[in-house]
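> can't give you the sequence, but here's the structure:
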Ligand code: TYD
């Protein structure tokens, strides 16, 4: 059985990834493709517990290295439990964030550097590379405003604050943004950069175009 495609979505908080992943999953399902949707951190029982620790605003004292180690523990579990088995069964895997997030947020944002992230990915994640990464980068200011609004809303509804990351300074997000752009420039074959303040429909169209291209390549080589 041919291996499934591994597709990741990346971007700043509030970039509209979640909406786009849902629309893409529906588009693929309409074409008869078996799709598995997952997200990081989270997506497994262990991962959901790690997610709570990492995203809980009260973990503000978490050391950057500890945070990165938890994110990689989550990822190693997700690969073993969800991602690899699905790909081996020929399914399409759509993953909301993957190692590029760690490179952008911990490597760039927290200034741990890219080298350690790439090395840990090689050691702990078997260097698993997405077949395609869709990187959504709307204007920085618009993204920040959306992330803050969403965080306030979640806090009002649930009384919890999942927004430790959103509380970071703008300088942090500028570094994340910059590192994402560097990743896209370094790996143009894998990473499709969808830039600017586009409508939801426009972004969906660009995503469908990129995914269709990869699907065609797979069919040709099968
Ligand atoms: P989430 O609620 O999933 O937000 P979003 O919808 O923006 O993806 O929160 C994930 C947060 O975790 C987000 O702020 C980015 C951060 N993160 C990292 O810092 N490093 C990582 O490796 C991953 C996967 C996420």
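Sure thing, it's come through. Values in this document were obtained by computation on a predicted structure and should not be read as measured data. Residues are numbered from 1 along each chain as shown.
> Looking at the residue nearest the centre of the chain now. What's its pLDDT?
Centroid-nearest residue in the chain, with CA atoms, centre = their mean: residue 97, separated by 1.2 Å. The per-residue pLDDT reported for residue 97 equals 98.
> Just name the shakiest helix or strand of this structure by mean pLDDT.
None of the helices or strands of the chain scores lower by mean pLDDT, DSSP states H and E than helix 140-158, at a mean of 68.
> quick one: low-confidence parts of the chain?
147-148, 150-168, 222 (pLDDT under 70).
> so what does the helix ranked longest in the chain touch, helix or strand wise?
Ranked by number of residues, the top helix in the chain under DSSP state H is helix 200-221. In this structure, helix 200-221 packs against helix 17-30, strand 132-137, strand 191-195, with contacts taken as 3 or more CB pairs under 8 Å, 6 or more residues apart in numbering; DSSP states H and E. C-beta here means a position set from N, CA and C on the backbone, and glycine is covered the same way.
> What parts of the protein come near the ligand?
For the chain, the residues in contact with the ligand (CB under 6 Å from any ligand atom) are 13, 17-18, 39-41, 55, 71, 96-97, 101-102, 105-106, 165.
> filter those residues to the buried ones?
Applying 16 or more other CB atoms under 10 Å to the residues of the chain next to the ligand, the neighbour count classes 13, 17, 39-41, 55, 71, 96-97, 101-102, 105-106, 165 as buried.
> ok, so of those, who is nearest residue 7?
Checking these against residue 7 by CB to CB gives residue 96 as the nearest, at 10.4 Å.
> among the residues of the chain next to the ligand, which two are most distant?
18 and 106 (21.2 Å).
> related to what we said a few turns ago, can you lay out the helices and strands packed on helix 200-221 as TSV showing distance to residue 207?
Formatted as TSV, the helices and strands packed on helix 200-221 follow (distance: least, CB to CB, whole Å):
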stretch	distance to residue 207
helix 17-30	6
strand 132-137	6
strand 191-195	7
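> so which of those is the most packed in?
Each of the helices and strands packed on helix 200-221 was scored by mean neighbour count; the highest is strand 132-137, a mean of 22, by mean count of other CB atoms under 10 Å.
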